[in-house]
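Engineer: Following is a predicted model, sequence given first.
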Amino acid sequence: MNTINLHYCDRRVLIVCHQVVVLCMRYILEELTEPEILAIDKKAEILNCGIVRYDFEPDATGVCVPKLEVWNHGAPLEAEGAAKTAEPDAMTGTR
């Protein structure tokens, strides 16, 4: 995250990752407590292809602070008529 901050602070950044990393990033960016992040994790599964979006705006001291704008949003799935699922992808290849 420090590398992103140093090299891309004035750009949009796309990070593609799995549930644990998504939750770890929320934990860090929002400075949540362990009980808070565990409650978020229990509330709902992270959607496959779900979107999480933060906007960073300067506070009174000029430091950019993350603001959660979109959480676990499944719009790309809905637009394509795909079913939402938290289930792992089925194995389809052959050996």
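Structural biologist: Now that the structure is in, tell me what you want to look at. Numbering: from 1, shown residues only.
Engineer: Excluding chain neighbours, what is closest to Met1?
Structural biologist: Using Cβ to Cβ, 6 or more residues apart in numbering and skipping residues adjacent in sequence, the residue nearest Met1 is Ile28, 6.8 Å away. Every C-beta, even on glycine, is put in place using the N, C-alpha and C of the backbone.
Engineer: Show me what the helix or strand where that neighbour lies is packed up against.
Structural biologist: With the criterion set as DSSP states H and E, the secondary-structure element containing Ile28 is helix 19-29. The helices and strands touching helix 19-29, judged by 3 or more Cβ pairs under 8 Å, 6 or more residues apart in numbering; DSSP states H and E, are helix 34-43, strand 51-58, strand 64-73.
Engineer: for those, which one sits closest to Ile4?
Structural biologist: The minimum distance between Ile4 and those falls on strand 51-58, with 10.9 Å, by Cβ to Cβ.
Engineer: what does that closest one rub up against?
Structural biologist: Residues from elsewhere that reach strand 51-58, judged by Cβ atoms under 8 Å, 6 or more residues apart in numbering: 22, 25-26, 29, 64-76.
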